[in-house]
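S.K.: sequence and predicted structure, then a few things I'm wondering about:
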Amino acid sequence: MVHPHNENPVNPLPPAVVALALVIVGIEAVFGLGARGLLGGPEAVGWRLAAIERYAFSPEILRWMVETGRYPPEHLLRLLSYPFVHAGFTHALFAAVMLLALGKIVAETIGGAAMVAVFFVSALGGALVFTALPGTTQPLFGAFPPVYGLIGAFTYLLWVRLGQMGAQQVRAFSLIGVLLGIQLVFGVLFGGGLDWVADVAGFASGFALTIVLVPGGFHRLLDRLRRG
């Protein structure tokens, strides 16, 4: 029996979650130190812009690859590298905090490897749907599409839990509803691009993949849909 005084007061985060968050925070720290002249010399001021140009996802480049049938590795990398480049400290901070909170829940429920799969598949799904928008040219960067994928995974897990408790399962979608509502308000007040589409696509990708990753999840969903 573990003595209460020997118990860890802080529930440790899963290593996979910590690793992803450290990459985001570490890259942002390098950009911040470079911008302040504390690292890398004068040229470090442009590190963030250079990283966005090289590692952000570009729908135009993906369309070019599909049209020409050429898939250079450095451009394919953009599909998975764009979540680790952010517009600034606040952008990265919010992404990292949400990743830690949601990644912890998802990883502890379905495992660290499955959580990482949700993260990157959601990033891929967000980028592909973003490219499908007619005329989209703006670059996509930042961890919010895969973070929304973790929200999708959390939503499905909560949906299942509420069903087991006999509660209203629609409540599982409260979080995504609130977040999309906030995005809509900010978009109306301050303007914005179409990157919210990538977020929604990331959510849908995470939700769908979690159905497959959870044992019996697909059959459980079918049974629920048949019952109406």
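M.R.: Arrived safely.
S.K.: doesn't residue 206 make contact with residue 126?
M.R.: No. If you go by Cβ atoms under 8 Å, residue 126 and residue 206 don't touch, sitting 9.6 Å apart. Backbone N, C-alpha and C define where each C-beta goes, glycine included.
S.K.: any shared contact partners between those two?
M.R.: 146, 148-149 (Cβ atoms under 8 Å, 6 or more residues apart in numbering).
S.K.: filter those to the buried ones?
M.R.: The neighbour count (16 or more other Cβ atoms under 10 Å) marks 146, 148-149 as buried among those.
S.K.: so who does residue 14 touch?
M.R.: Residue 14 sits next to 103-104, 107-108, 112, 115 when contact means Cβ under 8 Å, 6+ apart.
S.K.: could you measure from residue 93 over to residue 142?
M.R.: 11 Å (Cβ to Cβ, to the nearest Å).
S.K.: okay, those two: which has more neighbours?
M.R.: Shown here are residue 93 and residue 142; by other Cβ atoms under 10 Å, residue 142 has more neighbours (25 against 14).
S.K.: tell me the centre residue of this structure?
M.R.: The residue lying closest to the centre of the chain (Cα atoms, centre = their mean) is residue 146, at 1.6 Å.
S.K.: and the gap between that one and residue 135?
M.R.: From residue 146 to residue 135 the distance is 24 Å (Cβ to Cβ).
S.K.: if we can go back for a sec, so which of the buried ones among the shared contacts of residue 126 and residue 206 are in strands?
M.R.: The members of those all map outside strands under DSSP state E.
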